[in-house]
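S.K.: what shape does this take:
(chains A, B, C and D)
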Number of protein chains: 2
Amino acid sequence: MARPAARPRLTAAERRAAIVQAAIRLFAEKGFEGTTTRELAAAAGVTEPVLYQHFATKRDLYTAIIESTCEVEQKSSDAELEAARHAGDDRRFFTRLAELVLDWHRRNSDVVRLLLFSGLGHHELADLFFQRQVAVYYDMLTGYLRERIRAGAFRRIDPYLAARGFTGMVAHQGLAMAIFEDRSLEKVQRKLIQTVVAIFLNGIAKERSQSR
Amino acid sequence: MARPAARPRLTAAERRAAIVQAAIRLFAEKGFEGTTTRELAAAAGVTEPVLYQHFATKRDLYTAIIESTCEVEQKSSDAELEAARHAGDDRRFFTRLAELVLDWHRRNSDVVRLLLFSGLGHHELADLFFQRQVAVYYDMLTGYLRERIRAGAFRRIDPYLAARGFTGMVAHQGLAMAIFEDRSLEKVQRKLIQTVVAIFLNGIAKERSQSR
DNA sequence: GTGTTAAGTTAGTGTTTGCTAGGTTAGCAG
DNA sequence: CTGCTAACCTAGCAAACACTAACTTAACAC
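M.R.: As a prediction, the model looks like this:
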């Protein structure tokens, strides 16, 4: 029997990881119902029964993937961001923050699409990511704003609503990129960030100075 | 033969409209692959063959729905918005604009979800809505900003990028509402709009005055 | 009434789906 | 070399899927 080329026999953990990796791509591309177990197996380089050795059902695999993407992103601190924070350089801080958000959307468009699919599909874990990741992010940004308001640098706006506003200015463009696989924003990303950061900082600044 | 209650026999146009209506709800709720033709027929109050008298395939129905939502929304002008525009009242203009965007997202969460599904699913008509509706909206807003910049009311920011920024501040919250069926923003909608409009206008204002 | 049209139904078609029983083979321990 | 564990396959199940052929019946014109 012509042995099937040189496909190595992996350990359970390795094979499981390979399956998860392939499934993220497929589910992100076509959604849960749009992806068949046959496609999943083929993409992972195995046959269907192997899938079911690692995951009891197709939905279990889906859930495991969503869970894994929620955990992977835990360590989301950034040196440059912290440096800007401690230097009290607001422009540097928000510019870096916008860069991080947009770069994350571009680099992890699979995850973005996956989370959108899971949200639209009412998956039970859909909110998990947003509670674990987005809430933490909002807390951080709200805290920064509150601190700077107390320090007298910013006007007395509601820091949480301002955080949502700033995030929307940036993340909305990231979403559009991820959904439509639109690369046109890449070219103007720097200018976009410059513009929205300038608008935001001017918008909340207490000082009457214009920041270019 | 016990005749099936009092279900009226509709004309072709009426039945077709009823099918489209039911299909919008179902596709918006569960996506294209997540919805079966049996469910569609049942929701429209008919049997499957009736669907196929009006639409050759399931995908044809899907496409017809997306197309119809693109055309319905054509007349998107607003009296209050135009009044604010001609009065030169920027705060009133952007406040009304934000209201319109958020209210639209809330009232048409079906359409929002449908368009997100179609975008994620790479439907050929996915961009149609954005070219027909969103591009027109951006043109309008960009034009307004350009005009006010020329009049000396706003700083010399890029009007298109500013339009995207402002829209992101508002629409991002609307998307979150539609995807997660989150009604928590309704209570703070007025305050949110007030905050982001104040930030935006202060951010692009040429005058050194602080607006509230 | 009677004939015609078209809205509606019943009862399937072949195919694809998620999933599995049972057998095969690689890799390591002794 | 031998035996055992577990990674992996072949082959196929029952159910659900998109879709349809063939029939029935309501509604209107004359």
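
S.K.: can I get the helix-or-strand element of chain A with minimal mean pLDDT as PDB, trimmed to CA atoms?
M.R.: Every helix and strand of chain A was ranked by mean pLDDT, DSSP states H and E. The lowest is helix A:126-129, at a mean of 85. C-alpha atoms of helix A:126-129 as PDB (Å, rounded to 0.1, in the frame of the first residue of the first chain):
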ATOM      1  CA  ALA A 126     -18.900  35.400  22.200                       C
ATOM      2  CA  ASP A 127     -18.800  37.900  25.000                       C
ATOM      3  CA  LEU A 128     -16.000  36.200  26.800                       C
ATOM      4  CA  PHE A 129     -13.400  37.900  24.600                       C
END
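
S.K.: what is whichever helix or strand comes after it packed up against?
M.R.: Next along the chain after helix A:126-129, taking DSSP states H and E as the criterion, comes helix A:135-150. Helix A:135-150 sits against helix A:90-107, helix A:159-180, with contacts defined as 3 or more CB pairs under 8 Å, 6 or more residues apart in numbering or on different chains; DSSP states H and E. For glycine as for every other residue, the C-beta is placed from the backbone atoms N, C-alpha and C.

S.K.: wait, does the next helix-or-strand element following the first one contact DNA strand C?
M.R.: Moving toward the C-terminus from helix A:90-107, the next helix or strand (DSSP H and E) is helix A:109-120. No. Using CB under 7 Å from any atom of the strand, no contact is recorded between helix A:109-120 and DNA strand C, whose separation bottoms out at 14.1 Å.

S.K.: which strands or helices does helix A:109-120 pack on?
M.R.: Counting contacts by 3+ CB pairs under 8 Å, 6+ apart, helix A:109-120 is packed against helix A:12-30, helix A:58-72, helix A:126-129, helix A:159-180, helix B:109-120, helix B:159-180.

S.K.: out of these, which is closest to residue A:94?
M.R.: Smallest distance to residue A:94 across these (CB to CB): 7.0 Å, for helix A:159-180.

S.K.: between the helix or strand following the closest one and helix B:184-204, how big is the angle?
M.R.: Scanning forward in sequence from helix A:159-180 by DSSP H and E, the next helix or strand is helix A:184-204. Angle, helix A:184-204 to helix B:184-204, by axes from the mean of the first three to the mean of the last three CA atoms, to 10 degrees: 80 degrees.

S.K.: next, the angle from helix A:184-204 to helix A:159-180.
M.R.: For helix A:184-204 against helix A:159-180, the angle by the same axes, to 10 degrees is 170 degrees.

S.K.: for helix A:184-204, enumerate the helices and strands it packs against.
M.R.: helix A:90-107, helix A:159-180, helix B:159-180, helix B:184-204.

S.K.: in TSV, list those along with distance to DNA strand D, mean pLDDT and mean neighbour count.
M.R.: Shown next, in TSV, are these (distance: least, CB to the nearest atom of the strand, whole Å; pLDDT from 0 to 100; neighbours: other CB atoms under 10 Å in any protein chain shown):
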stretch	distance to DNA strand D	mean pLDDT	mean neighbour count
helix A:90-107	29	96	19
helix A:159-180	23	96	23
helix B:159-180	23	96	23
helix B:184-204	33	95	20
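
S.K.: for residue B:20, which of the ones you listed is the nearest?
M.R.: Across those, residue B:20 has its closest neighbour in helix B:159-180 (20.0 Å, CB to CB).
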